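Novice: here is the input, now give the coordinates:
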Amino acid sequence: MPKSNLKSYLLLHLIVFIWGFTAVLGELISVREAALVWYRMGLAGVFLLIYALIVKKPLKLPMKEAAKIIFVGFLIAIHWIFFFRAINISNVSITLAMFSMGAFFASILEPIVYKRRMLWYEVVFGLVIICGLFVIMQVEIHYLEGILTALFSVLVGVIFTLFNGKLIKNHDSVVIATYEFFAGFAFVTVYLLFAGKFVPGFFNVSGMDWFYIILLSSICTAYAFTAAVAVMRELSPYTVMLTTNLEPVYGIFLAFFIIGESEQMSVPFYIGSVVILITVILNGIVKNRADKKLLTEASIPNAPIN
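Specialist: Coordinates of the predicted model:
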């Protein structure tokens with residue numbers, strides 16, 4: 001492997017590691033999910049805007065294109081709210097295990113979005129993934145609400161990822177992300193206003209929470225997103241897909257050692273999770289052998305970015 005590709009590959013693993021750490025931060029931060037997403041998207045938008053101004057990226061977009069990007073920003077906000085909600089009502093391990101379902105949802109939705117036929121092996125692998133999910137639900141039924149919440153978050157995340165796959169072909173990733181984060185920030189602001197959440201206590205955030213929120217919005221969001229898009233242009237979509245599927249592994253590993261006892265799950269949970277993960281990886285291997293051409297829409301991961 002050339003040195004430049006090796007550097008990109010190692011950087012991609014670091015980014016996926018950061019994405020896994022995002023879930024752990026969601027558990028450590030005491031701020032509720034909607035407020036957390038409000039802080040995250042607002043601060044990440046500011047960080048990216050400052051960066052875009054420094055490097056003099058043109059921020060003006062045609063109204064029609066801006067509207068599409070703003071809509072995706074709404075989807076990202078919904079995805080993140082339900083992502084952190086799932087962590088709050090279950091735990092990091094349950095939530096990230098469900099995120100392995102992203103590839104399954106993508107195999108169903110991708111043919112619709114990109115107007116291609118569904119492949120037979122995607123259906124077979126999808127059924128195996130459902131079996132793995134069934135094993136998890138049988139032993140962790142007390143986390144049913146968290147499982148369903150996480151699955152909805154994954155579904156919305158895959159939808160916005162597929163839309164982003166089209167947008168990123170024609171627009172700079174930093175500009176897209178800046179619009180999306182501010183759009184999501186505006187959406188959550190409206191929700192919080194109508195829900196009467198902007199009370200004095202809303203802004204009463206502890207020093208440690210501020211530290212985690214800034215870490216979440218800067219390194220885990222603004223940096224990870226822009227760095228991911230850059231590094232994915234240097235590696236094959238196949239390599240990117242296999243590597244990004246390690247996010248649940250990294251996240252569950254980190255949660256076990258950082259959070260501790262509450263993240264210790266039953267043996268069948270880990271069996272089901274491994275079945276899902278191996279199936280997702282096999283799907284990528286088979287897909288790569290079936291089509292050696294690099295798909296442009298695969299320049300971003302087929303699972304949602306956390």
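
Novice: find the least confident helix or strand in this structure, judged by mean pLDDT.
Specialist: Ranked by mean pLDDT, DSSP states H and E, the weakest helix or strand in the chain is helix 237-244, scoring a mean of 68.

Novice: helix or strand right after it?
Specialist: The C-terminal neighbour of helix 237-244 among helices and strands, as given by DSSP states H and E, is helix 247-258.

Novice: any idea how far that following helix is from the chain center?
Specialist: Its chain's C-alpha centre and that of helix 247-258 lie 15 Å apart, by CA atoms, centre = their mean, to the nearest Å.

Novice: list the buried residues in that helix.
Specialist: By neighbour count with 16 or more other CB atoms under 10 Å, helix 247-258 contains the buried residues 247-256. Every C-beta, even on glycine, is put in place using the N, C-alpha and C of the backbone.

Novice: for stretch 9-20, same thing?
Specialist: Result for stretch 9-20 [16+ other CB under 10 Å]: buried residues 9, 11-12, 15-20.

Novice: can you tell me which one of the residues you listed sits lowest on pLDDT?
Specialist: Lowest pLDDT among those: residue 9, with 81.

Novice: so what's residue 192 up against?
Specialist: Residue 192 sits next to 34-35, 38, 198, 202 when contact means CB atoms under 8 Å, 6 or more residues apart in numbering.

Novice: from residue 182, how far off is it?
Specialist: Using CB to CB, to the nearest Å, residue 192 is found at 15 Å from residue 182.

Novice: and what of residue 10?
Specialist: 32 Å.

Novice: now do residue 167
Specialist: Distance of residue 167 to residue 182, computed by CB to CB: 15 Å.

Novice: for residue 117, same thing?
Specialist: Distance check for residue 117 against residue 182: by CB to CB, it reads 37 Å.

Novice: ok, these two, which is more surrounded?
Specialist: Neighbours were counted for residue 117 and for residue 182 using other CB atoms under 10 Å; residue 182 has more, 19 against 6.

Novice: not counting residues beside it along the chain, what's closest to that one?
Specialist: With CB to CB, 6 or more residues apart in numbering as the criterion, residue 182 has its nearest non-adjacent residue at 4.3 Å, and that residue is residue 45.

Novice: give the next helix or strand downstream of the helix or strand harbouring residue 177.
Specialist: Here residue 177 is covered by helix 173-194, with elements defined by DSSP H and E. Later in the chain than helix 173-194, the nearest helix or strand by DSSP H and E is helix 207-217.

Novice: avg pLDDT for that next one?
Specialist: In this model, helix 207-217 has an average pLDDT of 96.

Novice: in it, what counts as buried?
Specialist: By neighbour count with 16+ other CB under 10 Å, helix 207-217 contains the buried residues 209, 212-213, 215-217.

Novice: list the contacts of that helix.
Specialist: Helix 207-217 has contacts (CB under 8 Å, 6+ apart) with 22, 25, 28-31, 36, 39-44, 47, 205.

Novice: and what of stretch 11-24?
Specialist: With CB under 8 Å, 6+ apart as the test, stretch 11-24 has contacts from 83, 87, 92, 95-96, 216, 219-221, 223-224, 227-228, 231-232, 235, 239-240, 243-244, 246-255, 258-259, 305-306.

Novice: same question, stretch 275-289
Specialist: For stretch 275-289, contacts defined as CB under 8 Å, 6+ apart pick out 97, 100-101, 103-104, 107, 119, 121-122, 125, 128-129, 131-133, 135, 238, 241-242, 245, 248-249.
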